[in-house]
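Visitor: this one's structure only:
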DNA sequence: GCTCATCTCCGGTATCACCGGAACAATTAT
DNA sequence: ATAATTGTTCCGGTGATACCGGAGATGAGC
(Lines give C-alpha, C1' and ligand atoms only; values in the text may rest on other atoms or scores of the structure.)
Protein backbone atom coordinates (compact mmCIF):
# COMPACT_ATOMS: atom_id res chain seq x y z
CA UNK A 1 0.00 0.00 0.00
CA UNK A 2 2.12 2.87 -1.27
CA UNK A 3 1.44 5.93 0.83
CA UNK A 4 1.96 9.18 -1.03
CA UNK A 5 3.13 10.83 2.12
CA UNK A 6 0.13 13.17 2.10
CA UNK A 7 -2.24 10.35 2.79
CA UNK A 8 -3.84 9.21 6.02
CA UNK A 9 -3.76 5.45 6.24
CA UNK A 10 -6.03 5.20 9.28
CA UNK A 11 -8.74 7.09 7.41
CA UNK A 12 -8.54 4.63 4.55
CA UNK A 13 -8.81 1.71 6.96
CA UNK A 14 -11.76 3.29 8.71
CA UNK A 15 -13.69 3.76 5.50
CA UNK A 16 -12.79 0.31 4.25
CA UNK A 17 -14.36 -1.04 7.41
CA UNK A 18 -17.44 1.14 7.04
CA UNK A 19 -17.80 0.17 3.39
CA UNK A 20 -17.45 -3.53 4.15
CA UNK A 21 -19.88 -3.29 7.03
CA UNK A 22 -22.26 -1.64 4.67
CA UNK A 23 -21.86 -4.32 2.01
CA UNK A 24 -22.29 -7.13 4.51
CA UNK A 25 -25.28 -5.30 5.96
CA UNK A 26 -23.84 -5.49 9.46
CA UNK A 27 -21.10 -7.77 10.76
CA UNK A 28 -19.06 -8.72 13.80
CA UNK A 29 -15.42 -8.00 14.56
CA UNK A 30 -13.99 -11.30 13.39
CA UNK A 31 -16.13 -11.45 10.28
CA UNK A 32 -14.76 -8.07 9.23
CA UNK A 33 -11.25 -9.13 10.21
CA UNK A 34 -11.55 -12.15 7.95
CA UNK A 35 -13.04 -10.16 5.08
CA UNK A 36 -10.40 -7.43 5.20
CA UNK A 37 -7.51 -9.64 6.30
CA UNK A 38 -6.65 -7.49 9.27
CA UNK A 39 -6.15 -8.43 12.91
CA UNK A 40 -9.31 -8.42 15.00
CA UNK A 41 -7.76 -5.92 17.38
CA UNK A 42 -7.25 -3.37 14.62
CA UNK A 43 -10.83 -3.77 13.43
CA UNK A 44 -11.99 -3.50 16.99
CA UNK A 45 -10.12 -0.25 17.56
CA UNK A 46 -11.79 1.34 14.56
CA UNK A 47 -15.25 0.00 15.32
CA UNK A 48 -14.90 1.21 18.88
CA UNK A 49 -13.91 4.68 17.77
CA UNK A 50 -16.68 4.92 15.20
CA UNK A 51 -19.31 3.67 17.62
CA UNK A 52 -18.14 6.15 20.25
CA UNK A 53 -18.54 8.88 17.67
CA UNK A 54 -22.03 7.55 17.01
CA UNK A 55 -21.45 6.74 13.38
CA UNK A 56 -21.96 3.01 13.92
CA UNK A 57 -24.34 0.98 16.04
CA UNK A 58 -23.37 -2.01 18.11
CA UNK A 59 -26.09 -4.58 18.71
CA UNK A 60 -24.56 -7.32 20.82
CA UNK A 61 -21.36 -7.53 18.86
CA UNK A 62 -22.92 -6.94 15.46
CA UNK A 63 -22.06 -3.54 14.10
CA UNK A 64 -24.22 -1.56 11.71
CA UNK A 65 -23.95 1.67 9.76
CA UNK A 66 -25.89 4.33 11.64
CA UNK A 67 -28.04 7.28 10.69
CA UNK A 68 -25.34 9.94 10.88
CA UNK A 69 -24.40 9.05 7.34
CA UNK A 70 -27.97 9.70 6.31
CA UNK A 71 -27.68 13.03 8.08
CA UNK A 72 -24.53 13.96 6.18
CA UNK A 73 -25.87 12.73 2.86
CA UNK A 74 -29.36 14.08 3.08
CA UNK A 75 -28.37 17.51 4.27
CA UNK A 76 -25.73 17.98 1.62
CA UNK A 77 -28.25 16.86 -0.98
CA UNK A 78 -30.84 19.38 0.16
CA UNK A 79 -28.24 22.10 -0.19
CA UNK A 80 -27.77 21.34 -3.87
CA UNK A 81 -29.68 23.82 -5.94
CA UNK A 82 -30.35 21.39 -8.75
CA UNK A 83 -31.91 18.90 -6.33
CA UNK A 84 -34.39 21.37 -4.95
CA UNK A 85 -35.32 22.73 -8.33
CA UNK A 86 -35.51 19.36 -10.09
CA UNK A 87 -37.32 17.38 -7.43
CA UNK A 88 -40.84 18.66 -8.15
CA UNK A 89 -40.27 18.08 -11.85
CA UNK A 90 -39.17 14.51 -11.24
CA UNK A 91 -42.27 13.94 -9.16
CA UNK A 92 -44.43 15.40 -11.88
CA UNK A 93 -42.79 13.15 -14.46
CA UNK A 94 -43.44 10.11 -12.30
CA UNK A 95 -47.08 10.90 -11.75
CA UNK A 96 -47.67 11.81 -15.41
CA UNK A 97 -46.05 8.67 -16.80
CA UNK A 98 -46.76 6.34 -13.88
CA UNK A 99 -43.22 5.05 -14.31
CA UNK A 100 -39.92 5.66 -12.56
CA UNK A 101 -38.49 9.16 -12.85
CA UNK A 102 -34.89 9.92 -11.90
CA UNK A 103 -32.40 12.69 -11.33
CA UNK A 104 -28.71 12.05 -11.86
CA UNK A 105 -25.55 14.06 -11.39
CA UNK A 106 -21.91 13.25 -12.12
CA UNK A 107 -19.44 12.87 -9.30
CA UNK A 108 -15.91 11.50 -9.41
CA UNK A 109 -16.55 10.02 -12.88
CA UNK A 110 -19.66 8.18 -11.71
CA UNK A 111 -23.32 8.70 -12.39
CA UNK A 112 -25.04 9.26 -9.06
CA UNK A 113 -28.79 8.95 -8.61
CA UNK A 114 -29.78 11.97 -6.55
CA UNK A 115 -33.49 11.36 -6.46
CA UNK A 116 -36.07 8.99 -7.79
CA UNK A 117 -39.79 8.88 -7.65
CA UNK A 118 -42.05 5.99 -8.48
CA UNK A 119 -45.24 6.41 -10.47
CA UNK A 120 -48.30 4.26 -9.85
CA UNK A 121 -47.28 1.46 -12.24
CA UNK A 122 -43.54 1.58 -11.57
CA UNK A 123 -41.82 -1.79 -11.44
CA UNK A 124 -39.50 -2.77 -8.62
CA UNK A 125 -36.01 -1.44 -9.37
CA UNK A 126 -32.65 -1.56 -7.64
CA UNK A 127 -32.01 2.16 -7.90
CA UNK A 128 -31.87 4.31 -4.79
CA UNK A 129 -30.61 7.75 -3.92
CA UNK A 130 -26.83 7.83 -3.73
CA UNK A 131 -26.37 4.79 -5.98
CA UNK A 132 -23.42 5.07 -8.35
CA UNK A 133 -23.35 3.60 -11.85
CA UNK A 134 -20.92 3.90 -14.77
CA UNK A 135 -22.09 6.87 -16.81
CA UNK A 136 -22.24 5.16 -20.19
CA UNK A 137 -24.61 2.45 -18.93
CA UNK A 138 -27.59 4.73 -18.54
CA UNK A 139 -29.47 7.19 -20.69
CA UNK A 140 -28.97 9.70 -17.91
CA UNK A 141 -25.22 9.27 -17.94
CA UNK A 142 -25.06 9.43 -21.70
CA UNK A 143 -26.81 12.78 -21.83
CA UNK A 144 -24.38 14.07 -19.26
CA UNK A 145 -21.38 12.80 -21.22
CA UNK A 146 -22.83 14.15 -24.45
CA UNK A 147 -22.79 17.63 -23.01
CA UNK A 148 -19.25 17.60 -21.70
CA UNK A 149 -16.13 18.43 -23.72
CA UNK A 150 -14.70 15.40 -25.58
CA UNK A 151 -11.40 15.58 -23.74
CA UNK A 152 -13.18 15.44 -20.41
CA UNK A 153 -15.14 12.38 -21.55
CA UNK A 154 -11.90 10.76 -22.75
CA UNK A 155 -10.25 11.18 -19.41
CA UNK A 156 -13.31 9.82 -17.60
CA UNK A 157 -13.15 6.74 -19.83
CA UNK A 158 -9.40 6.43 -19.25
CA UNK A 159 -10.02 6.22 -15.55
CA UNK A 160 -13.27 4.25 -15.56
CA UNK A 161 -13.04 2.00 -18.58
CA UNK A 162 -16.09 0.72 -20.42
CA UNK A 163 -17.49 -2.11 -18.38
CA UNK A 164 -20.28 -4.24 -19.83
CA UNK A 165 -23.25 -4.64 -17.52
CA UNK A 166 -25.72 -6.27 -19.91
CA UNK A 167 -25.41 -7.55 -23.49
CA UNK A 168 -26.42 -4.16 -24.81
CA UNK A 169 -23.95 -2.03 -22.89
CA UNK A 170 -21.73 0.03 -25.15
CA UNK A 171 -18.16 -1.18 -24.78
CA UNK A 172 -16.33 0.33 -27.74
CA UNK A 173 -15.09 3.85 -27.29
CA UNK A 174 -15.81 4.97 -30.84
CA UNK A 175 -19.34 3.61 -30.79
CA UNK A 176 -19.92 5.53 -27.59
CA UNK A 177 -18.73 8.78 -29.14
CA UNK A 178 -21.00 8.18 -32.12
CA UNK A 179 -23.90 7.67 -29.77
CA UNK A 180 -23.04 10.80 -27.85
CA UNK A 181 -23.03 12.70 -31.12
CA UNK A 182 -26.57 11.47 -31.81
CA UNK A 183 -27.66 12.33 -28.29
CA UNK A 184 -26.32 15.84 -28.69
CA UNK A 185 -28.20 16.31 -31.98
CA UNK A 186 -31.48 14.88 -30.72
CA UNK A 187 -31.30 16.52 -27.32
CA UNK A 188 -32.15 13.35 -25.42
CA UNK A 189 -30.83 9.82 -24.94
CA UNK A 190 -32.25 6.31 -24.90
CA UNK A 191 -31.22 3.33 -22.87
CA UNK A 192 -32.35 0.04 -24.37
CA UNK A 193 -31.53 -2.61 -21.78
CA UNK A 194 -28.01 -1.31 -21.38
CA UNK A 195 -27.96 -1.44 -17.62
CA UNK A 196 -30.88 -3.65 -16.63
CA UNK A 197 -32.43 -6.35 -18.82
CA UNK A 198 -35.99 -5.58 -19.85
CA UNK A 199 -35.73 -1.92 -18.92
CA UNK A 200 -35.75 1.08 -21.20
CA UNK A 201 -35.14 4.68 -20.38
CA UNK A 202 -35.38 8.18 -21.89
CA UNK A 203 -33.26 10.99 -20.50
CA UNK A 204 -32.62 14.66 -21.13
CA UNK A 205 -29.73 16.79 -19.90
CA UNK A 206 -29.91 19.77 -17.61
CA UNK A 207 -27.28 22.21 -18.79
CA UNK A 208 -25.89 25.47 -17.51
CA UNK A 209 -25.63 28.63 -19.58
CA UNK A 210 -22.45 27.31 -21.25
CA UNK A 211 -24.24 24.19 -22.41
CA UNK A 212 -22.36 22.01 -19.98
CA UNK A 213 -24.44 19.23 -18.41
CA UNK A 214 -24.77 19.54 -14.67
CA UNK A 215 -27.40 16.84 -14.28
CA UNK A 216 -29.97 14.79 -16.17
CA UNK A 217 -33.53 13.59 -15.66
CA UNK A 218 -35.22 10.51 -17.04
CA UNK A 219 -38.21 8.22 -17.16
CA UNK A 220 -37.62 4.49 -17.12
CA UNK A 221 -39.87 1.49 -17.36
CA UNK A 222 -40.28 -2.00 -18.75
CA UNK A 223 -39.75 -2.56 -22.46
CA UNK A 224 -43.35 -3.69 -22.85
CA UNK A 225 -44.67 -0.26 -21.98
CA UNK A 226 -41.78 1.80 -23.33
CA UNK A 227 -42.37 1.31 -27.06
CA UNK A 228 -43.82 2.78 -30.21
CA UNK A 229 -44.53 6.50 -30.31
CA UNK A 230 -44.60 6.70 -26.53
CA UNK A 231 -40.95 5.76 -26.49
CA UNK A 232 -39.83 7.68 -29.56
CA UNK A 233 -41.85 10.89 -29.26
CA UNK A 234 -44.09 11.32 -26.28
CA UNK A 235 -41.63 10.57 -23.49
CA UNK A 236 -38.69 12.42 -25.06
CA UNK A 237 -40.83 15.54 -25.33
CA UNK A 238 -42.08 15.18 -21.80
CA UNK A 239 -38.61 14.69 -20.39
CA UNK A 240 -37.12 17.53 -22.40
CA UNK A 241 -39.84 19.89 -21.34
CA UNK A 242 -39.18 19.07 -17.70
CA UNK A 243 -35.46 19.57 -18.20
CA UNK A 244 -36.16 22.95 -19.70
CA UNK A 245 -38.32 24.02 -16.81
CA UNK A 246 -35.54 23.03 -14.45
CA UNK A 247 -32.96 24.98 -16.43
CA UNK A 248 -35.11 28.09 -16.37
CA UNK A 249 -35.79 27.78 -12.67
CA UNK A 250 -32.10 27.28 -12.01
CA UNK A 251 -31.33 30.56 -13.70
CA UNK A 252 -34.01 32.62 -12.05
CA UNK A 253 -33.77 31.51 -8.43
CA UNK B 1 -7.24 14.61 24.19
CA UNK B 2 -7.08 11.49 26.34
CA UNK B 3 -6.83 8.47 24.11
CA UNK B 4 -8.24 5.29 25.65
CA UNK B 5 -5.62 3.27 23.88
CA UNK B 6 -8.27 1.51 21.81
CA UNK B 7 -9.12 4.65 19.97
CA UNK B 8 -8.06 5.85 16.56
CA UNK B 9 -7.22 9.53 16.70
CA UNK B 10 -6.90 9.97 12.95
CA UNK B 11 -10.44 8.71 12.49
CA UNK B 12 -11.71 11.27 14.95
CA UNK B 13 -9.85 14.01 13.14
CA UNK B 14 -11.20 12.87 9.81
CA UNK B 15 -14.80 12.94 10.98
CA UNK B 16 -14.32 16.23 12.75
CA UNK B 17 -13.22 17.64 9.43
CA UNK B 18 -16.15 16.07 7.59
CA UNK B 19 -18.58 17.32 10.19
CA UNK B 20 -17.19 20.85 10.09
CA UNK B 21 -17.18 20.84 6.31
CA UNK B 22 -20.78 19.80 6.47
CA UNK B 23 -21.72 22.54 8.92
CA UNK B 24 -19.95 25.19 6.93
CA UNK B 25 -21.57 23.86 3.79
CA UNK B 26 -18.23 23.53 2.04
CA UNK B 27 -14.94 25.19 2.92
CA UNK B 28 -11.30 25.59 1.95
CA UNK B 29 -8.21 24.22 3.67
CA UNK B 30 -7.33 27.28 5.70
CA UNK B 31 -10.89 28.01 6.70
CA UNK B 32 -11.13 24.53 8.19
CA UNK B 33 -7.70 24.89 9.74
CA UNK B 34 -8.86 28.05 11.48
CA UNK B 35 -12.13 26.55 12.59
CA UNK B 36 -10.57 23.41 14.03
CA UNK B 37 -7.30 25.00 15.17
CA UNK B 38 -5.13 22.55 13.29
CA UNK B 39 -2.28 23.19 10.87
CA UNK B 40 -3.31 23.58 7.27
CA UNK B 41 -1.07 20.71 6.30
CA UNK B 42 -2.90 18.27 8.56
CA UNK B 43 -6.26 19.36 7.22
CA UNK B 44 -4.92 19.06 3.73
CA UNK B 45 -3.71 15.50 4.31
CA UNK B 46 -7.14 14.41 5.43
CA UNK B 47 -9.01 16.28 2.71
CA UNK B 48 -6.69 14.81 0.13
CA UNK B 49 -7.25 11.29 1.39
CA UNK B 50 -11.01 11.69 1.58
CA UNK B 51 -11.20 13.21 -1.88
CA UNK B 52 -9.07 10.40 -3.29
CA UNK B 53 -11.50 7.94 -1.75
CA UNK B 54 -14.31 9.91 -3.40
CA UNK B 55 -16.06 10.86 -0.20
CA UNK B 56 -15.45 14.56 -0.72
CA UNK B 57 -15.49 16.82 -3.74
CA UNK B 58 -12.93 19.45 -4.50
CA UNK B 59 -14.12 22.41 -6.55
CA UNK B 60 -11.13 24.69 -7.01
CA UNK B 61 -9.99 24.48 -3.43
CA UNK B 62 -13.44 24.41 -1.88
CA UNK B 63 -14.25 21.00 -0.49
CA UNK B 64 -17.75 19.58 -0.17
CA UNK B 65 -19.34 16.49 1.31
CA UNK B 66 -20.06 14.09 -1.55
CA UNK B 67 -22.81 11.65 -2.41
CA UNK B 68 -21.14 8.55 -1.00
CA UNK B 69 -22.54 9.51 2.38
CA UNK B 70 -25.99 9.57 0.84
CA UNK B 71 -25.23 6.13 -0.55
CA UNK B 72 -24.26 4.77 2.86
CA UNK B 73 -27.15 6.43 4.63
CA UNK B 74 -29.87 5.75 2.12
CA UNK B 75 -28.99 2.11 1.63
CA UNK B 76 -28.80 1.35 5.31
CA UNK B 77 -32.13 3.06 5.75
CA UNK B 78 -33.79 1.00 3.04
CA UNK B 79 -32.57 -2.11 4.78
CA UNK B 80 -34.45 -1.21 7.94
CA UNK B 81 -37.66 -3.16 8.09
CA UNK B 82 -39.53 -0.46 9.98
CA UNK B 83 -38.67 2.13 7.32
CA UNK B 84 -40.09 0.07 4.49
CA UNK B 85 -43.21 -0.87 6.37
CA UNK B 86 -43.85 2.58 7.83
CA UNK B 87 -43.11 4.68 4.80
CA UNK B 88 -46.44 4.13 2.97
CA UNK B 89 -48.29 4.85 6.20
CA UNK B 90 -46.42 8.09 6.70
CA UNK B 91 -47.27 9.10 3.17
CA UNK B 92 -50.90 8.28 3.74
CA UNK B 93 -50.93 10.35 6.92
CA UNK B 94 -49.44 13.29 5.09
CA UNK B 95 -51.96 13.16 2.27
CA UNK B 96 -54.91 12.64 4.63
CA UNK B 97 -54.02 15.49 6.95
CA UNK B 98 -52.25 17.73 4.42
CA UNK B 99 -49.64 18.36 7.13
CA UNK B 100 -46.17 17.01 7.86
CA UNK B 101 -45.95 13.32 8.75
CA UNK B 102 -42.81 11.85 10.28
CA UNK B 103 -41.11 8.62 11.25
CA UNK B 104 -38.56 8.61 14.07
CA UNK B 105 -36.27 6.01 15.60
CA UNK B 106 -33.90 6.18 18.58
CA UNK B 107 -30.17 5.91 18.02
CA UNK B 108 -27.37 6.63 20.50
CA UNK B 109 -29.82 8.40 22.82
CA UNK B 110 -31.03 10.70 20.07
CA UNK B 111 -34.29 10.92 18.19
CA UNK B 112 -33.54 10.46 14.50
CA UNK B 113 -35.99 11.45 11.78
CA UNK B 114 -35.95 8.55 9.36
CA UNK B 115 -38.52 9.82 6.93
CA UNK B 116 -40.89 12.71 6.45
CA UNK B 117 -43.53 13.51 3.96
CA UNK B 118 -45.20 16.83 3.37
CA UNK B 119 -48.92 17.12 2.79
CA UNK B 120 -50.40 19.77 0.53
CA UNK B 121 -50.66 22.49 3.19
CA UNK B 122 -47.49 21.63 5.09
CA UNK B 123 -45.50 24.60 6.32
CA UNK B 124 -41.78 24.92 5.73
CA UNK B 125 -39.92 23.02 8.46
CA UNK B 126 -36.30 22.39 9.32
CA UNK B 127 -36.68 18.64 9.66
CA UNK B 128 -34.99 16.30 7.22
CA UNK B 129 -34.12 12.64 7.11
CA UNK B 130 -31.20 11.86 9.38
CA UNK B 131 -31.73 14.89 11.61
CA UNK B 132 -31.11 14.24 15.31
CA UNK B 133 -33.02 15.88 18.13
CA UNK B 134 -33.16 15.33 21.90
CA UNK B 135 -35.87 12.76 22.49
CA UNK B 136 -37.86 14.67 25.09
CA UNK B 137 -38.30 17.70 22.83
CA UNK B 138 -40.69 15.99 20.43
CA UNK B 139 -43.92 14.06 20.69
CA UNK B 140 -42.21 11.34 18.69
CA UNK B 141 -39.37 11.05 21.15
CA UNK B 142 -41.69 11.10 24.12
CA UNK B 143 -43.71 8.16 22.85
CA UNK B 144 -40.48 6.26 22.36
CA UNK B 145 -39.27 7.08 25.87
CA UNK B 146 -42.68 6.22 27.30
CA UNK B 147 -42.35 2.73 25.97
CA UNK B 148 -38.89 2.00 27.24
CA UNK B 149 -38.00 0.73 30.74
CA UNK B 150 -37.57 3.53 33.27
CA UNK B 151 -33.95 2.63 34.00
CA UNK B 152 -33.14 2.90 30.31
CA UNK B 153 -34.77 6.33 30.16
CA UNK B 154 -32.84 7.38 33.27
CA UNK B 155 -29.52 6.46 31.74
CA UNK B 156 -30.40 8.26 28.51
CA UNK B 157 -31.16 11.38 30.54
CA UNK B 158 -27.94 10.94 32.53
CA UNK B 159 -25.98 11.05 29.32
CA UNK B 160 -28.06 13.58 27.40
CA UNK B 161 -29.43 15.91 30.03
CA UNK B 162 -32.64 17.88 29.53
CA UNK B 163 -31.84 20.79 27.29
CA UNK B 164 -34.44 23.47 26.76
CA UNK B 165 -35.10 24.31 23.13
CA UNK B 166 -38.15 26.52 23.48
CA UNK B 167 -39.96 27.93 26.51
CA UNK B 168 -42.21 24.88 26.64
CA UNK B 169 -39.52 22.21 26.60
CA UNK B 170 -39.71 19.91 29.62
CA UNK B 171 -36.59 20.40 31.71
CA UNK B 172 -37.42 18.73 35.03
CA UNK B 173 -36.86 15.04 35.22
CA UNK B 174 -39.90 14.29 37.37
CA UNK B 175 -42.22 16.28 35.17
CA UNK B 176 -40.95 14.32 32.20
CA UNK B 177 -41.67 11.01 33.90
CA UNK B 178 -45.18 12.21 34.76
CA UNK B 179 -45.72 13.13 31.14
CA UNK B 180 -44.42 9.77 30.00
CA UNK B 181 -46.86 8.10 32.34
CA UNK B 182 -49.71 10.03 30.69
CA UNK B 183 -48.42 9.19 27.26
CA UNK B 184 -48.32 5.52 28.17
CA UNK B 185 -51.91 5.62 29.40
CA UNK B 186 -53.27 7.54 26.46
CA UNK B 187 -51.27 5.70 23.86
CA UNK B 188 -50.10 8.86 22.11
CA UNK B 189 -48.15 12.04 22.85
CA UNK B 190 -48.53 15.72 22.16
CA UNK B 191 -45.93 18.32 21.52
CA UNK B 192 -47.10 21.86 22.15
CA UNK B 193 -44.34 24.13 20.88
CA UNK B 194 -41.71 22.18 22.79
CA UNK B 195 -39.21 22.04 19.95
CA UNK B 196 -40.34 24.70 17.48
CA UNK B 197 -42.40 27.76 18.35
CA UNK B 198 -45.84 27.74 16.81
CA UNK B 199 -45.73 24.06 15.96
CA UNK B 200 -47.76 21.26 17.48
CA UNK B 201 -47.46 17.57 16.99
CA UNK B 202 -49.27 14.30 17.72
CA UNK B 203 -47.31 11.05 17.81
CA UNK B 204 -47.93 7.37 18.44
CA UNK B 205 -45.38 4.66 19.19
CA UNK B 206 -44.58 1.62 17.12
CA UNK B 207 -43.84 -1.19 19.54
CA UNK B 208 -42.59 -4.73 19.21
CA UNK B 209 -44.29 -7.76 20.72
CA UNK B 210 -42.76 -6.96 24.14
CA UNK B 211 -44.29 -3.48 24.09
CA UNK B 212 -40.91 -1.86 23.60
CA UNK B 213 -40.93 1.17 21.30
CA UNK B 214 -38.84 0.68 18.20
CA UNK B 215 -40.05 3.80 16.40
CA UNK B 216 -42.78 6.42 16.34
CA UNK B 217 -44.89 8.26 13.77
CA UNK B 218 -46.47 11.65 13.95
CA UNK B 219 -48.34 14.47 12.29
CA UNK B 220 -47.18 18.01 12.91
CA UNK B 221 -48.44 21.41 11.86
CA UNK B 222 -48.98 25.00 12.91
CA UNK B 223 -50.87 25.68 16.13
CA UNK B 224 -53.60 27.48 14.20
CA UNK B 225 -54.66 24.32 12.41
CA UNK B 226 -53.77 21.85 15.17
CA UNK B 227 -56.50 22.70 17.69
CA UNK B 228 -59.90 21.71 19.04
CA UNK B 229 -61.15 18.21 18.38
CA UNK B 230 -58.83 17.79 15.46
CA UNK B 231 -55.90 18.02 17.81
CA UNK B 232 -57.40 16.11 20.76
CA UNK B 233 -59.31 13.34 18.99
CA UNK B 234 -59.13 13.14 15.23
CA UNK B 235 -55.38 13.23 14.77
CA UNK B 236 -54.55 10.97 17.71
CA UNK B 237 -56.88 8.33 16.30
CA UNK B 238 -55.47 8.69 12.84
CA UNK B 239 -51.89 8.42 14.02
CA UNK B 240 -52.60 5.49 16.31
CA UNK B 241 -54.38 3.63 13.57
CA UNK B 242 -51.39 4.08 11.28
CA UNK B 243 -49.05 2.91 14.02
CA UNK B 244 -51.18 -0.18 14.47
CA UNK B 245 -51.11 -1.00 10.79
CA UNK B 246 -47.34 -0.70 10.85
CA UNK B 247 -47.06 -2.98 13.88
CA UNK B 248 -49.21 -5.62 12.24
CA UNK B 249 -47.27 -5.42 9.00
CA UNK B 250 -44.00 -5.69 10.90
CA UNK B 251 -45.13 -8.93 12.45
CA UNK B 252 -46.45 -10.54 9.29
CA UNK B 253 -43.75 -9.75 6.79
C1' DG C 1 -17.93 -28.02 33.54
C1' DC C 2 -15.47 -27.96 29.46
C1' DT C 3 -14.74 -26.43 24.69
C1' DC C 4 -14.93 -23.39 21.09
C1' DA C 5 -15.78 -19.04 19.12
C1' DT C 6 -15.85 -14.27 19.50
C1' DC C 7 -15.26 -9.96 21.47
C1' DT C 8 -12.28 -6.86 24.56
C1' DC C 9 -8.45 -5.22 26.56
C1' DC C 10 -3.52 -4.23 27.10
C1' DG C 11 1.24 -2.88 26.21
C1' DG C 12 5.25 -2.61 23.13
C1' DT C 13 7.19 -0.84 18.87
C1' DA C 14 7.79 0.33 14.18
C1' DT C 15 5.23 3.22 11.57
C1' DC C 16 3.11 7.15 9.91
C1' DA C 17 0.04 11.06 11.36
C1' DC C 18 1.14 15.43 12.27
C1' DC C 19 3.43 19.61 11.75
C1' DG C 20 6.59 23.56 10.25
C1' DG C 21 8.18 25.53 6.53
C1' DA C 22 8.84 26.33 1.79
C1' DA C 23 7.13 26.24 -2.93
C1' DC C 24 3.46 27.15 -5.81
C1' DA C 25 -0.89 29.17 -7.58
C1' DA C 26 -4.44 32.54 -7.81
C1' DT C 27 -6.30 36.89 -6.83
C1' DT C 28 -6.20 41.66 -5.74
C1' DA C 29 -3.96 46.10 -5.14
C1' DT C 30 -0.80 49.39 -6.64
C1' DA D 1 3.19 44.97 -15.17
C1' DT D 2 4.55 44.02 -10.58
C1' DA D 3 4.10 43.44 -5.89
C1' DA D 4 1.49 41.99 -2.06
C1' DT D 5 -1.62 38.90 -0.21
C1' DT D 6 -4.12 34.90 0.54
C1' DG D 7 -4.68 30.19 0.19
C1' DT D 8 -3.25 25.50 -1.47
C1' DT D 9 0.03 21.93 -2.06
C1' DC D 10 4.25 19.57 -1.24
C1' DC D 11 8.02 17.69 1.54
C1' DG D 12 10.87 15.70 5.15
C1' DG D 13 11.73 14.92 10.07
C1' DT D 14 10.07 13.04 14.46
C1' DG D 15 7.44 11.90 18.32
C1' DA D 16 2.97 10.34 19.17
C1' DT D 17 0.10 6.49 18.06
C1' DA D 18 -2.00 3.04 14.85
C1' DC D 19 -1.33 -1.42 14.58
C1' DC D 20 -0.70 -5.91 16.18
C1' DG D 21 0.06 -10.25 19.09
C1' DG D 22 -1.37 -12.20 22.87
C1' DA D 23 -3.97 -12.57 27.09
C1' DG D 24 -8.35 -12.03 29.39
C1' DA D 25 -13.37 -11.97 29.32
C1' DT D 26 -17.71 -13.48 27.74
C1' DG D 27 -21.02 -16.56 26.15
C1' DA D 28 -23.01 -20.33 23.51
C1' DG D 29 -23.27 -25.24 22.76
C1' DC D 30 -22.71 -29.80 24.36
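Guide: It's in. Keep in mind the model is a prediction, meaning the values are calculated, not measured.

Visitor: report whether the one helix or strand residue A:58 maps to contacts chain B.
Guide: Taking DSSP states H and E as the criterion, residue A:58 maps to strand A:56-59. Yes - applying C-beta under 8 Å from any C-beta of the partner chain, one finds strand A:56-59 in contact with chain B at residue A:57. The C-beta positions use only the backbone N, C-alpha and C, and glycine is treated the same way.

Visitor: tally of neighbours for the closest residue to DNA strand C within the stretch 1-150 of chain A?
Guide: Residue nearest to DNA strand C within the stretch 1-150 of chain A: residue A:28 (2.0 Å; C-beta to the nearest atom of the strand). Per other C-beta atoms under 10 Å in any protein chain shown, the neighbour tally for residue A:28 reads 18.

Visitor: where do the strands of the stretch 101-250 of chain A begin and end?
Guide: Under the criterion DSSP state E, counting those that start in this stretch, the stretch 101-250 of chain A carries strands at the ranges A:110-118, A:132-134, A:189-192, A:199-207, A:213-222.

Visitor: among these, which comes closest to chain B?
Guide: strand A:110-118 (4.5 Å; C-beta to the nearest C-beta).

Visitor: can you pull the buried residues of the closest one?
Guide: Within strand A:110-118, the residues that count as buried by 16 or more other C-beta atoms under 10 Å in any protein chain shown are A:110, A:111, A:112, A:113, A:114, A:115, A:116, A:117, A:118.

Visitor: please apply the same query to stretch A:184-197.
Guide: For stretch A:184-197, the neighbour count (16+ other C-beta under 10 Å) marks A:187, A:188, A:189, A:190, A:191, A:193, A:194, A:195, A:196 as buried.

Visitor: may I see the buried residues of strand A:110-118 organised as JSON lines, with pLDDT and distance to DNA strand D added?
Guide: JSON lines is the format used below for those (pLDDT from 0 to 100; distance: C-beta to the nearest atom of the strand, whole Å):
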{"residue": "A:110", "pLDDT": "96", "distance to DNA strand D": "21"}
{"residue": "A:111", "pLDDT": "97", "distance to DNA strand D": "25"}
{"residue": "A:112", "pLDDT": "98", "distance to DNA strand D": "22"}
{"residue": "A:113", "pLDDT": "98", "distance to DNA strand D": "28"}
{"residue": "A:114", "pLDDT": "98", "distance to DNA strand D": "25"}
{"residue": "A:115", "pLDDT": "97", "distance to DNA strand D": "30"}
{"residue": "A:116", "pLDDT": "96", "distance to DNA strand D": "33"}
{"residue": "A:117", "pLDDT": "95", "distance to DNA strand D": "37"}
{"residue": "A:118", "pLDDT": "94", "distance to DNA strand D": "40"}
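
Visitor: what separates the residue in the stretch 51-200 of chain A that DNA strand D sits nearest to from residue A:44, distance-wise?
Guide: For the stretch 51-200 of chain A, the residue closest to DNA strand D is residue A:60, as judged by C-beta to the nearest atom of the strand, at 7.9 Å. To residue A:44, residue A:60 is 15 Å away according to C-beta to C-beta, to the nearest Å.

Visitor: what does residue A:74 give?
Guide: For residue A:74 relative to residue A:44 (C-beta to C-beta), the value is 30 Å.

Visitor: more neighbours: the two, which one.
Guide: residue A:74 (23 against 15).
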